[in-house]
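K.L.:
A predicted structure for the sequence below; I have some questions about it.
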Amino acid sequence: MAGVKKPGIMMQSLRHSTPTFALLNDPNPTRGQKLMRHKHYATTEIYGEEMQKLLEGAEEAVTQI
């Protein structure tokens, strides 16, 4: 319905990208928790860990240039 035609992209993919981008732009995890309506902070913390992995990968990619 959204017109996304790339294979492998589903609504769940978009749902998971929302808190990641939110945390990249505003690293306040409490706001991310409220945005995603997570009852437990530990659930939101998972996204912070994934974001950290992305950032570490970006650093390694730049240093290899």
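P.N.:
Cool, the structure landed. Since this is a predicted model, take the numbers as computed values, not measurements. Residues are numbered from 1 along each chain as shown.
K.L.:
list the buried residues of the helix or strand containing Q52.
P.N.:
Using DSSP states H and E, Q52 sits within helix 41-63. Neighbour-count burial for helix 41-63 flags 44, 47, 51 (criterion: 16 or more other CB atoms under 10 Å). No exception for glycine: its C-beta is placed from N, CA and C like everyone else's.
K.L.:
surely the first one is in contact with R31?
P.N.:
Put plainly, it is T44. No - at 9.5 Å, T44 and R31 do not qualify as touching, with contact defined as CB atoms under 8 Å.
K.L.:
low pLDDT regions in this protein?
P.N.:
Where the chain drops to pLDDT under 70, the residues are 1-6, 8-14, 58-65.
K.L.:
for A42, give its distance to M51.
P.N.:
15 Å (CB to CB, to the nearest Å).
K.L.:
no, scratch that, I was asking about E45
P.N.:
10 Å.
K.L.:
and for N28?
P.N.:
N28 is 13 Å from M51, by CB to CB.
K.L.:
CA atoms of the helix holding Q52 as PDB?
P.N.:
Provided in PDB are the C-alpha atoms of helix 41-63 (Å, rounded to 0.1, in the frame of the first residue of the first chain):
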ATOM      1  CA  TYR A  41      13.300   0.200  28.900                       C
ATOM      2  CA  ALA A  42      15.200  -3.000  28.100                       C
ATOM      3  CA  THR A  43      13.300  -3.400  24.900                       C
ATOM      4  CA  THR A  44      14.300   0.100  23.700                       C
ATOM      5  CA  GLU A  45      17.900  -0.600  24.800                       C
ATOM      6  CA  ILE A  46      18.100  -3.300  22.100                       C
ATOM      7  CA  TYR A  47      17.800  -0.500  19.400                       C
ATOM      8  CA  GLY A  48      20.600   1.400  21.100                       C
ATOM      9  CA  GLU A  49      22.900  -1.600  20.900                       C
ATOM     10  CA  GLU A  50      22.000  -2.100  17.200                       C
ATOM     11  CA  MET A  51      22.700   1.600  16.500                       C
ATOM     12  CA  GLN A  52      26.100   1.300  18.200                       C
ATOM     13  CA  LYS A  53      27.000  -1.600  16.000                       C
ATOM     14  CA  LEU A  54      26.000   0.500  12.900                       C
ATOM     15  CA  LEU A  55      28.200   3.400  14.100                       C
ATOM     16  CA  GLU A  56      31.200   1.100  14.800                       C
ATOM     17  CA  GLY A  57      30.900  -0.300  11.400                       C
ATOM     18  CA  ALA A  58      30.800   3.100   9.800                       C
ATOM     19  CA  GLU A  59      34.000   4.100  11.700                       C
ATOM     20  CA  GLU A  60      35.800   1.000  10.400                       C
ATOM     21  CA  ALA A  61      34.700   1.600   6.900                       C
ATOM     22  CA  VAL A  62      36.100   5.200   7.000                       C
ATOM     23  CA  THR A  63      39.400   4.200   8.400                       C
END
